[in-house]
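Colleague: Let me see the structure of the following:
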Amino acid sequence: MENNESDIERIKELIAGYLAGSLSDEEENVLLVSVRNNEEYRRLFAEAQQAWQVAALAQPPDPGILESQWDKLKNRIQPSARNISSLIHSLSGSKRTIRIFLTSAAAVIVLLIGSVFIFLSKHSEMMPKDQPLHFTVNVPNGTRSEITLTDGTRVWLNAGSILEYAPDYNLNSREVKLCGEAFFQVVTNKNKPFIVKTSGISITAFGTSFNVKAYPDDRTITATLVEGKIKVEGTKPDKKKFAYILAPNQNVVIEKDPLPVQREEKPGNEKDDAANQQKLIPPVYKSIRLNEQINPLPYISWKDKRWVIEKESLNDLIVSLERRYNVKISFDAQELRNFTFTGIIQNETFEQVLKILQLTAPIKYDLAPGEARIYADQERLTHFRTLMSNSQNTQ
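Modeller: Numbers count the residues shown, from 1 in each chain. I've put the predicted structure just below:
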């Protein structure tokens, strides 16, 4: 049975309201039932959701073009929609985000979402026919990103991270997959708990702010709670289940075997990041521990201007620096791997950071474009060992 034009327009209006967060519970239920039972409505919803997220992740457009397009849009608004209260575009080029805040009459929302459908129909021939039904946010080394999901949940993604979720996110459930590190500020919804799947574990959040660090090639997986409550659960190598419920200022650290990242190659798309996604491989866990009364700043400050480092080994710090500055570091000083560092990094360049490390540890370094070599300063290392030995003898 074909859908008539008025029904389609009504569904578009509901989809627009859903994406703008302005639907009542009754309207959201009508949309949910309609999308579940109608293939065309499911297609419209998936297309609108995709365009909405593309807009949120796109590079900020040229300000002149943006202003011109906005003027055209204002001219197209019908008189009945003049009760628009705000339409604010906030662009942040450094984090490559576009946030759209809509509080307007339904006619304006339908107008905007109608433009989304037109855009998709014009560009549909450019999209692969076998494209998987999920959205992927891929943050390369040397960058960080911030996105807002359709339920209002905010996600900060660290360098070298991938976030994946379904087009119908928040329609039936709220589940994302993470490979890397992210900080989540979750909007409360008792009927739809927010779930993060990563490295063989599941983290359920209940109106919460928390951080998850789960790079495949790291030695640990860490879930740190700032506010609210989360449940961390998974399966041990002996097939026994484990579950931890965290309170604020607690974290769970899972030690594991570091695993190389595997990629699923698709012929003809070698350069397509969306087609060659990192695959999550269940790791082998060695130990699990719950830490109480921690200082969360060293676990979450990577997303802020002041990156707080506290008692971090040189070995682990080098990995973080590689991702943050997009450089390849060779480390030729095994005896220095367990040196620990505490401090704050703000706007320092990579070379400035190396100079700071050199002041506190017996190291030398060589720099080349996109790479660095760190090795021991043998003269200073010998002097340091002498000082340590004398200190121990006087105790």
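Colleague: which SSE is I318 in?
Modeller: helix 314-325 (DSSP states H and E).
Colleague: Distance of N189 relative to S209?
Modeller: N189 sits 15 Å away from S209, going by CB to CB, to the nearest Å. No exception for glycine: its C-beta is placed from N, CA and C like everyone else's.
Colleague: More neighbours: which of those two?
Modeller: The neighbour comparison of N189 against S209 (other CB atoms under 10 Å) goes to S209, with 19 against 15.
Colleague: Report the buried residues of stretch 289-301.
Modeller: 294, 296, 298-301 (16 or more other CB atoms under 10 Å).
Colleague: Out of those residues, the closest to F331 would be?
Modeller: P298 (21.3 Å; CB to CB).
Colleague: for the protein, where's the lowest mean pLDDT among helices and strands?
Modeller: Using mean pLDDT, DSSP states H and E, strand 86-92 stands out as the lowest-scoring helix or strand of the chain, at a mean of 32.
Colleague: Return the backbone torsion pair for A223.
Modeller: phi -120, psi 120 (degrees, to the nearest 10).
Colleague: How about P167?
Modeller: Dihedral angles of P167 (phi, psi; degrees, to the nearest 10) stand at phi -60, psi -30.
Colleague: again with the one 10 residues further on
Modeller: In terms of degrees, to the nearest 10, the main-chain angles of K177 are phi -110, psi 140.
Colleague: quick one, domains of the protein?
Modeller: 1-88+103-126, 128-264+274-295, 305-393 (automatic domain parsing).
Colleague: Of those, which shows the lowest average pLDDT?
Modeller: Per-stretch mean pLDDT for the domains of the chain is lowest at domain 1-88+103-126 (a mean of 59).
Colleague: Strands of the stretch 201-350 of the chain, start to end?
Modeller: Remark: strands assigned in the stretch 201-350 of the chain by DSSP state E, counting those that start in this stretch are 201-205, 209-214, 220-227, 230-235, 241-246, 250-256, 262-263, 278-279, 285-291, 307-313, 328-331, 340-345.
Colleague: Show me the one of those strands that comes nearest N141.
Modeller: Nearest to N141, of the strands of the stretch 201-350 of the chain and by CB to CB, is strand 328-331 at 9.6 Å.
Colleague: So the residue nearest to T143 when sequence neighbours are not counted versus V327, what's the distance?
Modeller: Of all residues not flanking T143 in the chain, A159 sits nearest, at 5.9 Å (CB to CB, 6 or more residues apart in numbering). From A159 over to V327 the distance is 11 Å, taken as CB to CB.
Colleague: D218 too?
Modeller: Counting by CB to CB, the gap from D218 to V327 is 18 Å.
Colleague: Could you do D168 as well?
Modeller: 39 Å.
Colleague: now do I294
Modeller: 29 Å.
Colleague: repeat for F350
Modeller: For F350 relative to V327 (CB to CB), the value is 6 Å.
Colleague: what's the overlap in contacts for these two?
Modeller: Between them, F350 and V327 share these contacting residues under CB atoms under 8 Å, 6 or more residues apart in numbering: 321, 372.
Colleague: circling back: which one of the domains of the chain is the most hemmed in?
Modeller: domain 128-264+274-295 (a mean of 18; mean count of other CB atoms under 10 Å).
Colleague: Tell me the one of the buried residues of stretch 289-301 nearest L357?
Modeller: So of those, ranked by how close each gets to L357 (CB to CB), first place is P298, at 16.7 Å.
Colleague: My read is that that closest one contacts D316, right?
Modeller: No - counting by CB atoms under 8 Å, P298 does not reach D316; the two are 11.2 Å apart.
Colleague: Roughly how far does D366 sit from S313?
Modeller: 22 Å.
Colleague: go on, A182?
Modeller: A182 is 23 Å from S313, by CB to CB.
Colleague: what's the answer for I162, then?
Modeller: I162 is 26 Å from S313, by CB to CB.
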